[in-house]
Structure formats: C-alpha cells, structure tokens
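> Predicted coordinates and the sequence they were generated for:
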Amino acid sequence: MKITKIRTRVVEWKGKTVAPQPHFCTNPMDLLDLPQDSMASFRFHGWLIVEVFTNTGHIGIGNAALAPRLAKQTVDLYLAPLLLGHNPFDCEYLWQHMYRQTMAFGRKGITMAAISALDIALWDLMGKASGQPVFRLLGGRTKRKIQVYASKLYSQGSEALANEAKSYKEQGYRAMKMRFGWGPLDGAEGMQKNVALVRTIRETVGYDVDLMSDAYMGWTLDYARRMLPLLAPFQLRWLEEPVIPDDIGGYAALKALGMTPIAGGEHEFTIYGFRQMLEAKAVDYIQFDTNRLGGITQARKVAALAEAYSVPVIPHAGQMHNFHVVMASLNSPMAEFFPVFDVEIGNELFWYIFDGEPHAQKGYIDLRDDVPGLGITIKEDGLKAFDVIE
C-alpha cells in the first residue's frame with residue numbers, strides 16, 4: 001500500500017450561529033480588559049478535513065480545528081510531500097519525519113495540529129486496510145462501553161443553567177461540566193458570581209452526579225488560589241485549565257493545595273510536553289486532544305506515560321479520534337461529549353461535518369466492532385452549509 005494523494009479542505013460555517021452572552025466563559029483574553037468580545041479568538045467555526053488516498057483505494061480521514069487555514073497551508077506546503085509514496089503502516093517513521101523536518105518552526109501549535117490531522121488519517125487508513133476499528137489496533141476493548149460527561153453549561157442565568165443541568169441528569173448522564181464566567185478583573189464580586197453558578201448546578205443535580213468545572217485559561221495563580229477554598233464545599237471532580245498552559249508551575253502549586261483536583265493538557269503537545277507536566281506533578285487529570293497533541297501516534301504514548309504516573313487520561317472534546325484512544329486505555333475512565341446543539345463555540349461542528357459519531361445513551365457511548373478505521377465519513381451534502389476552501 002502506498003500513499004498517492006493528499007487532499008485538504010477548510011470548511012467554514014456560514015449558517016446560523018448562537019452568539020455568546022457577556023461572561024459566557026472565562027478565557028486568556030479577559031485579563032486585557034478589551035472592549036470587544038473576548039471569546040472571538042476561541043470560537044472554532046472552521047475545520048480542516050484531510051483525506052489521504054492510496055493505490056489500494058482506501059482513503060483515510062483526519063481533521064484539525066486549530067487555525068484551519070494555516071494548518072492547511074502547513075500540510076500542503078511542508079507535510080504532504082513527505083508522505084507521498086510511503087506505506088501508511090510506517091506511521092511512526094512518518095510521524096518522526098514530519099516532526100523533525102519542521103522542528104525549527106513547529107513542535108507545538110499549528111504545525112502539530114497539522115501533523116495530528118495527517119496522523120489521524122493514517123490510523124484510519126490502517127484500520128480500513130486491516131478491516132479493524134482503530135481501537136483494536138491500539139490494544140482492543142478495555143471496557144464494554146465508554147462513560148461520557150455532558151460538556152456545555154456555559155455561564156448564563158440561574159434558571160436556564162438549572163434547566164440545562166437538569167436535562168442532562170434526566171438523560172442519564174452521571175457527570176457534566178460547567179464553565180466559569182468571571183476572572184481576576186471582576187474581583188471579589190465576580191468570585192461570588194462564579195460560586196453562584198456552581199451552587200445552582202449542585203442544588204439542581206445533587207451530589208450523586210460528578211460535576212467538573214472549566215476556567216479555560218482565564219484565571220491567574222493568585223485568583224485561582226482565592227477561588228479554590230470557595231469551591232471546595234461543592235466537591236468538584238476537577239478544576240480545568242485554571243491558568244495558561246505555559247504556567248506549569250502554577251498548575252503544580254494549585255494541585256499541591258489538595259483542595260480540588262486539577263486538570264489540563266488540551267493545549268499541550270507531544271510526549272515531551274506531557275512528560276514535563278507529569279514530572280512537575282502539575283495535574284490530577286490529563287486532557288490531551290488527539291487532533292492537537294500529535295495524533296494517535298502521540299496519544300497512545302502519552303496515555304501509556306500517564307498510566308505509569310497513575311494520572312487518568314480523559315481527552316478533550318470527545319470525537320472519534322479520542323474515543324478510540326479511550327476505548328483502548330484502561331487508564332481512561334470516561335470521555336468528554338458535546339451534545340448536538342446549534343453552532344455556538346464551534347465544538348458542535350463535528351456533528352455537521354462527519355457522519356458516524358456515536359450518540360450518547362444514558363450517559364454512555366459505544367464503538368462498533370464491525371466498522372473498520374475510525375468509523376466516520378464526510379457529510380459531503382452537509383458541506384453546502386459551509387464555505388469550502390481547497
């Protein structure tokens with residue numbers, strides 16, 4: 001089997017969107033006190049689709065959501081030429097070639113997202129050529145089905161927030177994640193508003209449901225230290241991304257307090273980045289995203305490394321490239337799940353671009369044993385709702 005062609009398309013949503021409200025979700029821009037919408041840089045209304053073709057007729061599908069136009073250029077100009085003519089089963093060599101060829105300007109960020117998209121496509125190809133789902137290539141099924149947590153609950157009015165949380169519990173979810181809306185510039189008053197969000201959800205769903213929280217890089221170490229004692233009574237399963245990803249020391253300081261478990265890693269890359277986090281004892285949960293950290297080739301390595309440290313891996317964003325890794329890892333107790341929803345932040349776009357994503361049933365999903373590869377196809381008719389850039 002040889003790779004004969006690589007096709008890249010950026011799809012940008014042109015349909016209806018739901019505009020976030022003020023204090024919708026904290027984020028790194030909040031500290032700058034800018035007049036415009038601070039979440040604008042963190043919406044994902046575009047997506048990169050990568051297709052890798054072979055001389056046997058098999059086609060592998062990969063994707064990336066970080067800066068898709070730039071990721072497309074990185075694939076087209078720098079990475080695709082390295083793969084043409086090679087056997088996709090040589091995925092380790094091909095990954096190392098892409099990584100080392102782009103070392104001077106890559107390593108993290110956009111370049112690694114581009115490498116991830118191609119690597120995911122290679123694993124999809126290997127599964128299809130072998131007639132096996134990807135999770136079987138990674139070690140097989142470690143659980144009958146995957147528990148998922150409902151991931152939304154953005155900051156909003158108390159009645160709407162309570163109704164949303166109640167709906168997830170009624171659907172059978174045993175875990176859900178909320179977002180904070182206020183950060184350091186909002187002072188003590190904002191802290192109390194954050195606490196009110198948590199209180200509203202806890203009073204709605206009780207304590208027999210796991211509740212996780214996400215600050216999305218929008219706090220500082222000082223602010224997070226002040227928030228943790230206020231959050232402790234609510235028994236959160238974790239506080240996610242309390243500080244920016246480069247502040248590994250800040251993560252470690254918060255974890256050392258022992259008040260609320262600390263989670264992070266969706267903006268970290270490769271086994272080297274996660275080794276630093278683990279050696280620093282920075283997190284209680286690792287949350288890599290397979291279409292960011294370096295694809296499945298890196299995800300399986302980080303999952304194994306984290307298991308040696310007894311740090312569970314619960315990947316960011318769900319989606320099939322993450323679900324297969326979770327299914328094959330005993331150290332991954334559950335996965336994130338974005339419910340089908342009108343396009344808002346953009347995490348929902350996966351539902352609009354691909355067919356084959358599993359729907360949650362009573363808080364669980366399953367992966368089919370009889371569908372080779374990742375199990376997804378591109379909704380070519382659905383792409384009419386997007387501007388397509390080739």
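The structure has been received and is ready for your questions. Computed from a predicted structure; not experimentally measured.
> CA only for contacts and neighbour counts going forward, please
Noted.
> neighbouring contacts of stretch 152-161?
Applying Cα atoms under 8 Å, 6 or more residues apart in numbering, the contact partners of stretch 152-161 are 21, 23-25, 164-165, 176-181, 197, 200-201, 338-339.
> What segments of the stretch 1-150 of the chain are strands?
3-13, 46-54, 59-64, 146-151 (DSSP state E, counting those that start in this stretch).
> so which of these gets nearest Val311?
strand 146-151 (17.7 Å; Cα to Cα).
> Tell me the helices and strands packed up against the closest one.
In this structure, strand 146-151 packs against strand 175-179, strand 334-337, strand 364-365, with contacts taken as 3 or more Cα pairs under 8 Å, 6 or more residues apart in numbering; DSSP states H and E.
> Buried ones among the contacts of stretch 152-161?
Buried by 16 or more other Cα atoms under 10 Å: 23-25, 164-165, 176-181, 197, 200-201, 338-339, out of the contacts of stretch 152-161.
> Could you pull up the residues touching Gly85?
2-4.
> before we move on, back to that, out of the buried ones among the contacts of stretch 152-161, who's nearest Asp76?
When the buried ones among the contacts of stretch 152-161 are compared against Asp76 (criterion: Cα to Cα), the nearest one is Phe338, at 30.1 Å.
> How is this protein partitioned into domains?
Following automatic domain parsing, one finds the domains of the chain at 3-131+380-389, 136-378.
> Mean confidence (pLDDT) on the shortest one, please.
Spelled out, that is domain 3-131+380-389. Averaging pLDDT along domain 3-131+380-389 yields 95.
> start to end distance for it?
23 Å (Cα to Cα, to the nearest Å).
> Ile389: neighbour count?
12 (other Cα atoms under 10 Å).
> One more: Asn322?
Neighbours of Asn322 (other Cα under 10 Å): 24.
> In TSV, list the helices and strands packed on strand 146-151 along with distance to Phe288.
Converted to TSV, those look like this (distance: least, Cα to Cα, whole Å):
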stretch	distance to Phe288
strand 175-179	16
strand 334-337	11
strand 364-365	20
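> for those strands, which one sits closest to Arg107?
strand 334-337 (25.7 Å).
> and the closest one, which strands flank it?
In the sheet, strand 334-337 lines up against strand 146-151 (parallel) (DSSP bridges).
> model confidence over the helix or strand following the strand it pairs with, on average?
Moving toward the C-terminus from strand 146-151, the next helix or strand (DSSP states H and E) is helix 158-170. The pLDDT scores in helix 158-170 average 98.
> Check the residue nearest to Asp366 when sequence neighbours are not counted and give its pLDDT.
Take Asp366 and drop its neighbours on the chain: the residue closest to it by Cα to Cα, 6 or more residues apart in numbering is Lys145, 4.8 Å away. pLDDT for Lys145: 98.
> count of neighbours near Lys145?
Counted with other Cα under 10 Å, Lys145 comes out at 13.
> who's in contact with Val313?
285-288, 303, 306, 326, 331-333.
> partners of it in the sheet?
Assigned bridge partners for Val313, using DSSP bridges, are Ile286.
> Would you mind measuring from it to Leu94?
Counting by Cα to Cα, the gap from Val313 to Leu94 is 25 Å.
> next one: His23
Taking Cα to Cα, one finds His23 at 43 Å from Leu94.
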